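Chemist: With the input below, show me the fold.
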Amino acid sequence: MSTRDANAAPERGGEAAAAWRDFCGRMAEVGERILAPEFPGSETERAEGFRHLANQVACWLTYQLGSTDARHPALFTHNNLVYRWGGPNVDQNARRAPVTADGVYRLSVVMNSCEKFIVQVKPGNMHMGVRGVLAEVDSAALGLGPGDTAEIVLSAERPAGHDGPWIELAPAATLLHVRDYYYDWQPAQPAMFALERLDTADRPRTPPTGADIARLLDGAASMVENSITYWNDWVERTATAQPPNTFSVPAFVEGGVQDIVYAFCDVRLGPDEALLVTVAPDQSDQWNAQLQSIGWFESLDFAHRPTSVNQHQAHRNPDGTATLVVAGRDPGTPNWLDTEGRERVFCTQRWTGPREQPHLTAELVGLDRVFDRLPAGTPRISPAERTTEIRRRAEHVAWRFRA
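Modeler: Numbering: from 1, shown residues only. As a prediction, this is how the structure comes out:
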């Protein structure tokens, strides 16, 4: 909410100039807020925090500038290599755009190397206190796979004569959320999406007014303020709901994808410790585990470090399980999750389409005892092999987030 007095005398430059001053003041206040004790407090963590604040300012200003007009919608790409927030899934790309139930929209899809996509209609943003999913459709339900194309219509009622894919827009619909998934991490062309509003295509935008700029800046400021506070609180509350180095019971999360079960862990390690996590990836259609920062809830450097693993990438034990090794130094094992040397990280595991209640175990061990706790015959990964693994990750990421 704007801090300006609605009854104050007009300021120099008019409403737009006043809104800009207010926006800058509110962002300065957020900068002071992240110095509070409830946020991470080391010098490195605070530097990371101000980078995250700059990230969020750029993110939500860009979103407000180009992707909040439901009459002229534009897909906004986020949780990429720049805009990271809310614990992004590094096996996916994410896009969002505004919609309203009185509109007729067409989402055109070219899947290319994408293995799966999910389209959701929501009543709002989770970090703005609006939870829930009004409609959800995935590519498998539409009979689509890599290389396929599709046109999906979204509207309150199915248009006459349209017998192709259709998603209902409920009266409360305000947000379209599109996720496209990549599990094999190949250097190949990712999916492409285009969104059009068909019933307003012939209506040009009107020039912005001072009131428009005030709404834009107030919207961006509110998104930054709420995102910074909401996700820090959510991570801390979720992480400390169970003892350190212990995973929560896998469960659904309101507002997330409706067929994903999540488990979370507050990983705390000394420099000579490792957390061994054994899971059964085949309990679901897809599974992954990845590391994020405490406080800022950004993914760690997944392009240049092995900070995530999924069911395609994981080395399996003889019984089909996979044992992950979370550590700050390379233990020479498969399935290493690199904490970047951090003493504390947040670990998220996802099971998409679980066929049974997932289960997992976690054991804290000395780094020099890791191989003693792994099944006999577990291969040792040489430095050269690790370099090849990381180069393969970087190559895929360069393609997935290509210009």
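Chemist: Helix, strand or coil: sort out residue 368 for me.
Modeler: Residue 368 falls in the helix class when you classify it by DSSP: H, G, I helix; E, B strand; the rest coil.
Chemist: Might one say that residue 402 is in contact with residue 190?
Modeler: Yes - under the criterion of C-beta atoms under 8 Å, residue 402 makes contact with residue 190 at 7.4 Å. Quick note: C-beta positions are derived from backbone N, CA and C, even for glycine.
Chemist: which one of those two has more residues nearby?
Modeler: Using other C-beta atoms under 10 Å as the criterion, residue 402 and residue 190 rank with residue 190 on top: 17 against 9.
Chemist: Quickly find the element holding the closest residue to residue 303 other than its chain neighbours.
Modeler: Among residues not flanking residue 303 along the chain, residue 397 sits closest, at 4.0 Å (C-beta to C-beta, 6 or more residues apart in numbering). Using DSSP states H and E, residue 397 sits in helix 383-400.
Chemist: residues of that helix that come out buried?
Modeler: By 16 or more other C-beta atoms under 10 Å, the buried positions in helix 383-400 come out as 390, 393-394, 396-397, 399-400.
Chemist: As JSON lines, those with pLDDT would be great.
Modeler: Output for those, formatted as JSON lines (pLDDT from 0 to 100):
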{"residue": "390", "pLDDT": "98"}
{"residue": "393", "pLDDT": "98"}
{"residue": "394", "pLDDT": "98"}
{"residue": "396", "pLDDT": "97"}
{"residue": "397", "pLDDT": "97"}
{"residue": "399", "pLDDT": "96"}
{"residue": "400", "pLDDT": "95"}
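Chemist: between those, which is closest to residue 331?
Modeler: Within the set of the buried residues of helix 383-400, residue 390 lies nearest residue 331; the separation is 15.1 Å, counting by C-beta to C-beta.
Chemist: any idea how far the closest one is from residue 173?
Modeler: Applying C-beta to C-beta, to the nearest Å, the value for residue 390 to residue 173 is 42 Å.
Chemist: Check the offset of stretch 99-108 from the chain's centre.
Modeler: The gap between the average C-alpha position of stretch 99-108 and the chain average comes to 24 Å, counting by C-alpha atoms, centre = their mean, to the nearest Å.
Chemist: How about stretch 235-242?
Modeler: In terms of C-alpha atoms, centre = their mean, the centre of stretch 235-242 is set 18 Å apart from its chain centre.
Chemist: That stretch - what's its average pLDDT?
Modeler: On average, the pLDDT along stretch 235-242 is 97.
Chemist: residues in contact with it?
Modeler: 38, 87, 248, 264-266, 292, 294-295, 297, 346 (C-beta atoms under 8 Å, 6 or more residues apart in numbering).
Chemist: For residue 21, report the pLDDT, please.
Modeler: 97.
Chemist: hmm, I was thinking of residue 160
Modeler: For residue 160, the predicted pLDDT is 93.
Chemist: Got the phi and psi for it?
Modeler: Phi and psi for residue 160, reported as degrees, to the nearest 10, are phi -60, psi 130.
Chemist: With residue 100 as the reference, measure out to it.
Modeler: Residue 160 is 20 Å from residue 100, by C-beta to C-beta.
Chemist: sorry, back to before: now the buried residues of helix 383-400 in JSON lines, with distance to residue 362?
Modeler: Below are those laid out as JSON lines (distance: C-beta to C-beta, whole Å):
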{"residue": "390", "distance to residue 362": "25"}
{"residue": "393", "distance to residue 362": "24"}
{"residue": "394", "distance to residue 362": "29"}
{"residue": "396", "distance to residue 362": "28"}
{"residue": "397", "distance to residue 362": "28"}
{"residue": "399", "distance to residue 362": "34"}
{"residue": "400", "distance to residue 362": "30"}
